[in-house]
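> take a look and give me a structure for this.
(chains A and B)
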Amino acid sequence: KAGVTQTPRYLIKTRGQQVTLSCSPISGHRSVSWYQQTPGQGLQFLFEYFSETQRNKGNFPGRFSGRQFSNSRSEMNVSTLELGDSALYLCASSLTVTKYTGELFFGEGSRLTVL
Amino acid sequence: AQTVTQSQPEMSVQEAETVTLSCTYDTSESDYYLFWYKQPPSRQMILVIRQEAYKQQNATENRFSVNFQKAAKSFSLKISDSQLGDAAMYFCAYRSGSNTGKLIFGQGTTLQVKP
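You can find the predicted model right below:
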């Protein structure tokens, strides 16, 4: 069974540009969540989607957005990139968000560098 | 708001020895889950062990066990018979029991295993 797939794995952008990151969850998983990992701030929750609906959103500016498609694949977009957006963006999927099956499986991440 | 604190940025252990990583958390919820995740260098994050707050018995997974002290809001990870492959960053994480996939992470502890 294929794991969580994130593309692209590495990318370099310049300030002011925008970027779209993609996440394909494990087959059958309906919940996808996104995290930003930086050395200074650690792992911070961005948003969570379940069945195409955003269920939770972290404390990030409106430049960060996401969506989920009917096949559970998810994308996140960051507009007007800033240097501080340089980070490893992790996607995690789970079967559901109920108590007994909510284990998260992480992808390898997309490493974004903003110059 | 819930918080997770890992007070040990770095730890080291001799191969075959035992090491304990500390984690404390703060919450007013009674229903929650606690996790330890392992992130090897440049590799994806994987779940090491999970503890349901309503269970008094400490979770164990092979060489990994936890000491869950609910009243003290403490959740430490013990790694027995440490192996070179255990070298990684370890994150303690909290998840609310209210049907969400959102994880709140600690800052992480980098574990070095010396041969």
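
> who's in contact with the closest residue to B:Arg43 other than its chain neighbours?
With CB to CB, 6 or more residues apart in numbering or on different chains as the criterion, B:Arg43 has its nearest non-adjacent residue at 6.9 Å, and that residue is A:Glu108. Backbone N, C-alpha and C define where each C-beta goes, glycine included. The contact partners of A:Glu108, by CB atoms under 8 Å, 6 or more residues apart in numbering or on different chains, come to A:Gln6, A:Arg9, B:Arg43, B:Gln44.

> give me the phi and psi angles of the most centrally placed residue in chain B.
The geometric centre of chain B, computed from its C-alpha atoms, lies nearest to B:Trp36 (CA atoms, centre = their mean), at 3.1 Å. Backbone torsions of B:Trp36, given as degrees, to the nearest 10, read phi -120, psi 130.

> which pLDDT value goes with it?
Looking at B:Trp36, its pLDDT reads 96.

> give the bridge partners for it, please.
B:Ile49, B:Cys92 (DSSP bridges).

> quick check: it vs B:Phe91, distance?
Using CB to CB, to the nearest Å, one gets 7 Å for the distance from B:Trp36 to B:Phe91.

> what of A:Thr53?
Applying CB to CB, the value for A:Thr53 to B:Phe91 is 27 Å.

> enumerate the residues of chain B near chain A.
Within chain B, the positions lying close to chain A (CB under 8 Å from any CB of the partner chain) are B:33, B:37, B:43-47, B:50, B:91, B:95, B:97, B:99-108.

> related to what we said a few turns ago, contacts only, for the residue nearest to the centre of chain B.
Per CB under 8 Å, 6+ apart, neighbours of B:Trp36: B:21, B:23, B:47-49, B:64, B:66, B:75, B:77, B:90-93.

> try 7 Å
B:Val48, B:Ile49, B:Leu77, B:Tyr90, B:Cys92 (CB atoms under 7 Å, 6 or more residues apart in numbering or on different chains).
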